[in-house]
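Asks: Provided below are the primary sequence and the corresponding predicted coordinates.
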Amino acid sequence: MIALPTAVRETVCERAREGRPEEICGVLSGEYEPEGRSRVRSQYPAENVAETPRTRYEIDPEEQLAIFDRLEDRGEEIVGFYHSHPRGPPRPSATDTAQATWPDRSYLIVSLEPLEIGSWRWRTGSEDAAEADDRFEREKLVVE
């Protein structure tokens, strides 16, 4: 489960509306629990540097490291990431699944048509590629 403050939800949704038709993205920080309830405290917006930002998102690695340093300085942990699907559903796309790299973290997705938010945890299977069962699992999202 992930707990999301109303103010963070509103900020992320507003960024998604303003960023349309391109996907927006950023980092969620707060209290991280791999198997329990993570609680978001802050969101850190990032520039989408993907080659095709209307259908993909990518956070510049240097900007991502700078965000990680800022949230660490504030005593927060990486809870997960967020991005928008301006014309798609609030669930991971095939590209999202192929590019996920942070096991057990939350991936919050904002859909704009209609406005809806979904949250998913990235789970990894065996390290043996033949046995790997990497997948997103839907998680309960509680807005506080």
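Replies: Thanks, I have the structure now. Residues are numbered from 1 along each chain as shown.

Asks: going by C-alpha atoms from here, please, whenever you check contacts or count neighbours.
Replies: Will do.

Asks: where does pLDDT dip in this protein?
Replies: Low-confidence segments of the chain (pLDDT under 70): 125-134.

Asks: how about the strands in it?
Replies: For the chain, applying DSSP state E gives strands covering 2-4, 25-31, 38-46, 77-85, 106-112, 115-123, 135-138, 141-143.

Asks: now render the ones you listed as CSV, adding distance to P53 and mean neighbour count.
Replies: Listed next are the strands of the chain as CSV, based on distance: least, CA to CA, whole Å; neighbours: other CA atoms under 10 Å:
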stretch, distance to P53, mean neighbour count
strand 2-4, 25, 20
strand 25-31, 10, 24
strand 38-46, 13, 20
strand 77-85, 10, 25
strand 106-112, 15, 26
strand 115-123, 19, 19
strand 135-138, 22, 18
strand 141-143, 26, 15
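
Asks: need the ones you listed in JSON lines (columns: distance to Q99).
Replies: What follows is the strands of the chain, written out as JSON lines (distance: least, CA to CA, whole Å):
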{"stretch": "strand 2-4", "distance to Q99": "21"}
{"stretch": "strand 25-31", "distance to Q99": "14"}
{"stretch": "strand 38-46", "distance to Q99": "17"}
{"stretch": "strand 77-85", "distance to Q99": "12"}
{"stretch": "strand 106-112", "distance to Q99": "12"}
{"stretch": "strand 115-123", "distance to Q99": "11"}
{"stretch": "strand 135-138", "distance to Q99": "11"}
{"stretch": "strand 141-143", "distance to Q99": "22"}
